[in-house]
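Quick one: sequence plus predicted model below, questions after.
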Amino acid sequence: MLGKLIKHELRGSGRTMLPFILVSLFFSVMAGLSIRGLERQQDYGWFTVVFGIVIFLFVAGLMAVCIMSIVVVINRFRQNLLGDEGYLMFTLPVSVDEHIWSKLIVSFIWFAATFLTCMLAMVLMLVCNVDQFEVNWTEVGYVFSELGRALKNFGILHIVGYCLELLVMAFGSAGVTCLTFYCAMAIGYSFSNRKVLMSILAFIGIDILFTVLQSSVVMLLNNIPGVERFMENLDLSRVSAAGSVHIVLLGWILYLVVYAAVLYIPTRLLLKKKLNLP
């Protein structure tokens, strides 16, 4: 059933996201062509204005895609689960966890699509002018061969491990971002009146609470007897540079997991026990 929820969510959110993505890619091509045309112009008067407008639309398009990815995350959760559609969604033979996870997975897909769109837009703009660059392919081949040799010496398993850890970190960061909005809305919409205002206040309160908690935990750890001595006695000299990076990445993943769990639990409980549909 989770797969059907994801499919339904992709279809619904795609109606909003896909036009923005396509428009931003269109303006990236137009920006590349305008740069190409600017190079060939002798009279820059009128063409400079056109060039400025196209570049502005290109930047605005990329910003719009980034903003809309956040807006879609918020709006789809609010409409599907906290709005009028909630009466239908919560009658389906689907658990609250599946509802939340479908939103998280689709949100991560659109965050990834937004990132890839920005990268592809830059590439398309450069491709439109690739013939104007003088490229020494011998040097490029040499650089790639040296890079491949360095990666091989570093260790393929380490590289694969870093990629997987960064992917988990990306999903965790996206999950924390989404769950912060979800938790705030779940709190705000549990009230009978002024739900949007209460959601905004809840979002601000969550941000302040976590800031205070993080500072308190650091201070508490520093004051616990034996922690400082343990850190002094901890011998990291035996850990390689590659291993140290794994430790940092895994530590950050653990932090994101704890952060997400603290946000997930109240969101789930509020949707299950304190749901107050209009």
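Good, I have the coordinates.

As a check, name the ranges of all helices in this structure.
Along the chain, counting by DSSP state H, helices occupy 2-40, 45-77, 86-89, 96-127, 137-154, 156-188, 195-223, 227-233, 241-273.

With mean neighbour count and mean pLDDT as extra columns, can I get these in CSV?
(C-beta placed from N, C-alpha, C; glycine too.) Shown next, in CSV, are these (neighbours: other C-beta atoms under 10 Å; pLDDT from 0 to 100):
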stretch, mean neighbour count, mean pLDDT
helix 2-40, 16, 85
helix 45-77, 16, 85
helix 86-89, 14, 78
helix 96-127, 19, 90
helix 137-154, 10, 74
helix 156-188, 18, 88
helix 195-223, 13, 83
helix 227-233, 10, 55
helix 241-273, 15, 86
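
how close does the nearest residue to Phe111 once chain neighbours are set aside get to Ala186?
Among residues not flanking Phe111 along the chain, Ala174 sits closest, at 4.9 Å (C-beta to C-beta, 6 or more residues apart in numbering). The gap separating Ala174 from Ala186 is 18 Å, by C-beta to C-beta, to the nearest Å.

returning to what we had before: could you double-check that the residue nearest to Phe111 sits in contact with Ser107?
Yes - using C-beta atoms under 8 Å, Ala174 is in contact with Ser107, at 6.2 Å.

Provide a list of residues in contact with Arg78.
Met185, Tyr189 (C-beta atoms under 8 Å, 6 or more residues apart in numbering).

Could you report the pLDDT at it?
On pLDDT, Arg78 comes in at 87.

distance of it from Ala260?
According to C-beta to C-beta, Arg78 stands 20 Å off from Ala260.

Leu213 too?
Distance of Leu213 to Ala260, computed by C-beta to C-beta: 14 Å.

send the alpha carbons of stretch 248-255 over as CSV?
C-alpha atoms of stretch 248-255 as CSV (Å, rounded to 0.1, in the frame of the first residue of the first chain):
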residue,chain,number,x,y,z
VAL,A,248,32.4,11.9,11.3
LEU,A,249,29.8,10.9,8.7
LEU,A,250,28.4,8.1,10.7
GLY,A,251,28.3,10.4,13.8
TRP,A,252,26.3,13.0,11.8
ILE,A,253,24.0,10.3,10.5
LEU,A,254,23.3,9.2,14.1
TYR,A,255,22.6,12.8,15.1
